[in-house]
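Participant: When you get a sec, could you give me coordinates for this:
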Amino acid sequence: MLKGRSVLLIIGGGIAAYKAAELVRLIKKSGGAVRCILTKAGREFVTPLTLSGLSGEKVFEELFSLTDETEMGHIQLSRSADLVVVAPATADLMAKAANGLANDLASTTLLATDKRVLMAPAMNVRMWEHPATQRNLATLKRDGVTFVGPEDGEMACGEYGPGRMAEPVAILAAIGELLGPKGYPMPAPDPLPELAAPGGALAGKHVLITAGPTHEPIDPVRYIANRSSGKQGYALAEAAAAAGARVTLISGPVNLPAPYGVHVVKVETAREMGSAVSDALPADLAIFAAAVADWRTIDEAGQKLKKDGKAIPPLQLTENPDILARVSRLTDGRPALVVGFAAETEKVIEHATAKRARKGCDVIVANDVSPQSGVMGGENNTVHILSDAGVETLPEMSKDKVARALIDRFATLLKTKA
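Facilitator: Numbers count the residues shown, from 1 in each chain. As a prediction, the model looks like this:
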């Protein structure tokens, strides 16, 4: 997952610092290299010896180190890694970074870096909700800093609310998402037990899921797309992970957070999605929930097309690759169970039945996406499951409940093919 990639981990002070040791272990186990900067406050919760033993690298602590700073250590540290991660990101570290303060090694490194920064905040709920912290959060986001968490939960101080640091596996997933152009072509991760829930109906299985729309460029500012929000596909990924699977989610452009414990590969076009699917195989179960654009322009304009009052520029279209049909027809490495989705606006069952036969997949999940249904971008869905057993219609439910019901049925079907 992170082979050949390097992470610089800055560890702030706070009880959540103990999770940093587990994060170091996961980064190393995923094939990445990691070096640590340990703040003075962070040293109260985790030792340099622990971090050095797990990372196999020296731990850096002091800004004015005679050995490190003779070579401008804070500059080298800030530039040598592919990504800078701050976990836990305390209120103090966030404030320093947002306001350009640099009075220790951690804050100086953050100010000197030219690499992307990922922060995992951890603090008391009152500190997180304080207007000053929220101002700093907004400033850091405007500056391009990415955040994972915080999560709601009970804290060491006994209070409950947002402020708990994201779990190490969630931070690892966010790291994997950032360490590639648009998250692609990051390789699919090697199986990690920590990325899958123990037990469950899909324990030990690799589940490949596509979600969201694709954007097919017309020119540098316009594209062909559809109204898919990606919510159903993301819900399926979360449900599959909860069922114990190792999940690879290949996502078109959506505005959704990465599901917990799921490896997300971000793409834009249908051709990128097709390549990412090939890279993610083999899989035991493949669910193609993405609303892939059927067509793209033959030639993408290099400059913005201008409306000059003359003839309307013609758009010559060509078909995109049929990802579902290609995977369904594989003779070598075909997933044991291939599931397609059919988004229809009329004759839902009739059209879905024809699509299943045409594509060669094992199951089609069909739904009505006409404007009056409210499914596209909405929170609820009504689906029909078409398989060799016939048609099963589920009642209208939230997309999360639909996902859990579908994963339960797919796990049962998968067992019959074992």
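Participant: Show me the domain layout of this protein.
Facilitator: 6-174, 189-298+313-416 (automatic domain parsing).
Participant: Turn the ones you listed into JSON lines, columns for mean pLDDT and mean neighbour count.
Facilitator: Glycine gets a C-beta too; all of them are placed from N, C-alpha and C. Formatted as JSON lines, these follow (pLDDT from 0 to 100; neighbours: other C-beta atoms under 10 Å):
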{"stretch": "domain 6-174", "mean pLDDT": "83", "mean neighbour count": "19"}
{"stretch": "domain 189-298+313-416", "mean pLDDT": "88", "mean neighbour count": "19"}
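Participant: Mind putting the ones you listed into CSV with distance to residue 305?
Facilitator: Listed next are the domains of the chain as CSV, based on distance: least, C-beta to C-beta, whole Å:
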stretch, distance to residue 305
domain 6-174, 30
domain 189-298+313-416, 5
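Participant: quick one: the helices in the protein?
Facilitator: Taking DSSP state H to define them, one finds helices in the chain at 18-29, 48-55, 73-80, 91-99, 105-112, 125-129, 131-142, 168-178, 231-242, 270-280, 323-328, 348-359, 399-416.
Participant: Compare the ones you listed and report which one is nearest to residue 205.
Facilitator: With C-beta to C-beta as the criterion, residue 205 lies closest to helix 399-416 of the helices of the chain, at 7.1 Å.
Participant: Which residues does that closest one contact?
Facilitator: 201-202, 205, 231-232, 235-236, 238-240, 242-243, 284-285, 287, 336-337, 339, 362-363, 365, 379-381, 383, 385, 387, 392, 394, 397 (C-beta atoms under 8 Å, 6 or more residues apart in numbering).
Participant: From start to finish, how long is stretch 382-402 in a straight line?
Facilitator: Using C-alpha to C-alpha, to the nearest Å, the end-to-end distance of stretch 382-402 comes out at 8 Å.
Participant: could you pull out the strands for the stretch 251-400 of the chain?
Facilitator: Assigned by DSSP state E, counting those that start in this stretch, the stretch 251-400 of the chain shows strands spanning 263-266, 285-288, 295-297, 317-319, 337-344, 363-368, 380-381, 383-387, 390-393, 397-398.
Participant: Distance to residue 164 for those strands - can I get that in TSV?
Facilitator: Shown next, in TSV, are these (distance: least, C-beta to C-beta, whole Å):
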stretch	distance to residue 164
strand 263-266	22
strand 285-288	31
strand 295-297	43
strand 317-319	48
strand 337-344	35
strand 363-368	35
strand 380-381	30
strand 383-387	34
strand 390-393	39
strand 397-398	25
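Participant: show me what contacts residue 204?
Facilitator: Residues in contact with residue 204 (C-beta under 8 Å, 6+ apart) are residue 244.
Participant: how near is it to residue 279?
Facilitator: Going from residue 204 to residue 279 by C-beta to C-beta, to the nearest Å gives 21 Å.
Participant: Quick one, which of the helices of the chain gets closest to residue 317.
Facilitator: Evaluated over those, closeness to residue 317 peaks at helix 270-280, with 12.4 Å, by C-beta to C-beta.
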